[in-house]
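# sequence? don't have it. structure:
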């Protein structure tokens, strides 16, 4: 199933510019690099800004006992994702924005190539229940201290993380005033 999804992802205009081994490395292998971190936390999983389905689809295939939600605001991308939700019974698609979803509803939120890490943290942390975590896929230039400041404002802390990931553990409920209205986090970042 993963091979068919990757082939469709590469063949669909506007979802990825990668192909071949590079597409497999970025969309499948990098997604599965978070598998052990995800297993440390209980509850359902939300892939925020899922795009073409990475990291949500590879993780849903690897964790058939866990419910995985692909959250995407683009209707065109949601249509692509819905085709794959039929192949995995633990996968569902929600077409909408992170700021419009229920707070404290998931065990884990994932974000890969969603926005700058501080903005992604602000969008994802309100979605996660106390005791859960946000896993951000980041590059080597990510400012972990800045992300940690955002996490602190949203009732979370930066946990020990493997290379290429920032893990924010949610310590309490989402504070009043969050999530902020759509677009505010990008225009006026917390950190």
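Received the coordinates, thanks. Because the structure is predicted, anything quoted here is derived from the model rather than measured. Numbers count the residues shown, from 1 in each chain.
# Show me where this protein has its strands.
45-48, 68-72, 91-95, 106-112, 128-137, 156-158, 165-170 (DSSP state E).
# so can I have CSV of these showing distance to residue 118, mean neighbour count and mean pLDDT?
Just so you know, the C-beta spots here come from the backbone N, C-alpha and C atoms, and that holds for glycine as well. As requested, the strands of the chain are arranged in CSV below (distance: least, Cβ to Cβ, whole Å; neighbours: other Cβ atoms under 10 Å; pLDDT from 0 to 100):
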stretch, distance to residue 118, mean neighbour count, mean pLDDT
strand 45-48, 14, 27, 98
strand 68-72, 19, 28, 98
strand 91-95, 24, 19, 98
strand 106-112, 11, 26, 98
strand 128-137, 10, 23, 97
strand 156-158, 12, 19, 97
strand 165-170, 10, 23, 98
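# burial count for the closest residue to residue 139 other than its chain neighbours?
Distances taken as Cβ to Cβ, 6 or more residues apart in numbering place residue 164 nearest to residue 139, at 7.8 Å, with adjacent residues excluded. Residues lying near residue 164 (other Cβ atoms under 10 Å) number 14.
# Check residue 164 and give its pLDDT.
pLDDT for residue 164: 95.
# hang on, it packs against residue 137?
Yes - using Cβ atoms under 8 Å, residue 164 is in contact with residue 137, at 6.5 Å.
# No further queries at this time; thank you.
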